[in-house]
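**Student:** show me the folded form of this:
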Amino acid sequence: MRKLPFSALLLSSVLALTSLSVQASPDTDRVSQKIREKTGMIPTSVQKSPVAGLYEIVVRRQIFYTDAEGKYLIAGRIFDTVANTDITAARMEELNRIDWKVFRLEDAVKVVRGKGERKLVVFTDARCPYCSMLERNLQKMDNITVYNFIYPILNSGSISKNIFCSENPVAAFEAHMLEGKDPAEIAEGKCDYSALHRNLEIGRELGITGTPTIIFPDGSRVSGALTPDQIEARLAAAK
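**Tutor:** The predicted structure follows:
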């Protein structure tokens, strides 16, 4: 792994904070209260960081660091120069893991290939070219079940409704994503497509801002049109 450069500002701030607050040992509730009072931010979690005297604060899926009194606030990364790892990136990946229990799988277009023993969740948009690319890649895989949550964020509400409400949503989905064929128009009131609204709600709650986004069985997420080999590797790691 290539050595990661330190920001001089970040490094000096970390050292300064360590010297200022190494003797302090307040509980995390006190640190959280200090941050609320001084910044107005409401942390969703506070815990000690690997650096003595620094506390990790999570606000809206963003990580910050502070001293025991909340006087200094750092927006940046911490690198471990001995292990040669990005501590902040590892924590972000951990925080972004998704428990599959939050998904209503019946709201997805379920595509099964082979035995379908391996499972993926994909947030996809009918007007997203990279989603079509991903679908072509998934066509090359076997023994997989893909729960496609249609996520209409690219002005694709109408076509998404027509896919979801078609007599055969899987066929309509694949025809559109693979061949560019638009599904038949479904008259308003002829179908309950509230699932699409729920998909938007859960996607926003999870901070999904782009498509395609793939969620693996271990809760890890990756954005982009991964190749079959990349997906196979992630599935193997997720076990």
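
**Student:** all strands for the chain, in order.
**Tutor:** Along the chain, counting by DSSP state E, strands occupy 45-48, 55-59, 62-66, 73-74, 79-80, 85-86, 109-113, 118-124, 144-150, 213-215, 221-223.

**Student:** from the chain's centroid, how far away is the fifth one?
**Tutor:** Pointing back at strand 79-80 there. Between the centre of strand 79-80 and the centre of its chain there are 23 Å (C-alpha atoms, centre = their mean, to the nearest Å).

**Student:** and the nearest residue to Leu235 once chain neighbours are set aside, what does it touch?
**Tutor:** Take Leu235 and drop its neighbours on the chain: the residue closest to it by C-beta to C-beta, 6 or more residues apart in numbering is Arg118, 5.5 Å away. All C-beta atoms are positioned from the backbone trio N, CA, C, and that covers glycine. Contacts for Arg118 (C-beta atoms under 8 Å, 6 or more residues apart in numbering) come out as Asn143, Ile144, Thr145, Pro217, Leu235.

**Student:** the fourth one contacts Ala238, correct?
**Tutor:** Translated: Pro217. Yes. With contact defined as C-beta atoms under 8 Å, Pro217 reaches Ala238; the gap is 4.7 Å.

**Student:** what about Glu69, distance to Val51?
**Tutor:** Distance from Glu69 to Val51, counting by C-beta to C-beta, to the nearest Å: 16 Å.

**Student:** and the contacts of Arg118, which are buried?
**Tutor:** Buried residues within the contacts of Arg118, counting neighbours by 16 or more other C-beta atoms under 10 Å: Ile144, Thr145, Leu235.

**Student:** export those as a markdown table, with columns for pLDDT.
**Tutor:** Shown next, in a markdown table, are these (pLDDT from 0 to 100):
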| residue | pLDDT |
| --- | --- |
| Ile144 | 97 |
| Thr145 | 98 |
| Leu235 | 96 |
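
**Student:** between these, which sits nearest Asp80?
**Tutor:** Leu235 (28.5 Å; C-beta to C-beta).

**Student:** for the closest one, what are its contacts?
**Tutor:** Arg118, Leu120, Phe216, Pro217.

**Student:** again with Glu117
**Tutor:** Residues in contact with Glu117 (C-beta under 8 Å, 6+ apart) are Asn143, Ile144, Thr145.

**Student:** check Ala75 too.
**Tutor:** By C-beta under 8 Å, 6+ apart, the contact set of Ala75 is Gln62, Phe64.

**Student:** please repeat the previous calculation with a cut-off of 10 Å.
**Tutor:** The contact partners of Ala75, by C-beta atoms under 10 Å, 6 or more residues apart in numbering, come to Leu10, Gln62, Ile63, Phe64, Tyr65.

**Student:** now rank those by neighbours and give me the top one.
**Tutor:** Tyr65 (23 neighbours; other C-beta atoms under 10 Å).
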